[in-house]
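**Student:** Got a predicted structure here, sequence first:
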Amino acid sequence: MPYPTNADLPAPVRSHLPDHAQDIYREAFNHAYAEHAGDPRQEEAAHRIAWGAVKQSYVKVGEYWEPSARRAG
């Protein structure tokens, strides 16, 4: 199911990602969810794609996600 706002994201996403990374996750998830309509693994694929999108701009350091050098540079 698509997420209208960041407040609707799963708790682990909200608690570990900064606000901007949550925006990226939500937008990527919603787009992928729509693109994979009819796929029996639609939601699973959308979550994988959303995490991939976050990893393009953020890197996990310990328990927290920080902007990657590519994004900060």
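**Tutor:** Received it, and whenever you're ready, just let me know what you need.
**Student:** what about residue 12, how many residues close to it?
**Tutor:** 8 (other Cβ atoms under 10 Å). Heads up, the C-betas are built off the backbone N, CA and C, glycines and all.
**Student:** where's it relative to residue 63, distance?
**Tutor:** Distance from residue 12 to residue 63, counting by Cβ to Cβ, to the nearest Å: 11 Å.
**Student:** which residues sit in contact with the residue nearest to residue 19 when sequence neighbours are not counted?
**Tutor:** Once flanking residues are discounted, residue 19 sits nearest to residue 6: 7.0 Å by Cβ to Cβ, 6 or more residues apart in numbering. When contacts are counted by Cβ atoms under 8 Å, 6 or more residues apart in numbering, residue 6 touches 14, 19, 22-23, 26.
**Student:** State the pair within those residues that is farthest apart.
**Tutor:** Farthest pair in these (Cβ to Cβ) is 14 and 23. Separation: 11.8 Å.
**Student:** And what about residue 37, helix, strand or coil?
**Tutor:** coil (DSSP: H, G, I helix; E, B strand; the rest coil).
**Student:** what are the phi and psi angles of it?
**Tutor:** Dihedral pair for residue 37: phi -50, psi 140, per degrees, to the nearest 10.
**Student:** Ranking helices and strands of this protein by mean pLDDT, which lands last?
**Tutor:** For the chain, counting by mean pLDDT, DSSP states H and E, helix 69-72 ranks last in confidence among helices and strands (a mean of 63).
**Student:** For the protein, just list every one of the helices.
**Tutor:** Here the chain has its helices, by DSSP state H, at 11-16, 19-35, 42-57, 69-72.
**Student:** With distance to residue 1 added, can I get these in a markdown table?
**Tutor:** Below are the helices of the chain laid out as a markdown table (distance: least, Cβ to Cβ, whole Å):
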| stretch | distance to residue 1 |
| --- | --- |
| helix 11-16 | 14 |
| helix 19-35 | 8 |
| helix 42-57 | 8 |
| helix 69-72 | 28 |
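**Student:** Tell me which of those helices lies nearest to residue 2.
**Tutor:** Among the helices of the chain, helix 19-35 sits nearest to residue 2 (Cβ to Cβ), with 4.5 Å.
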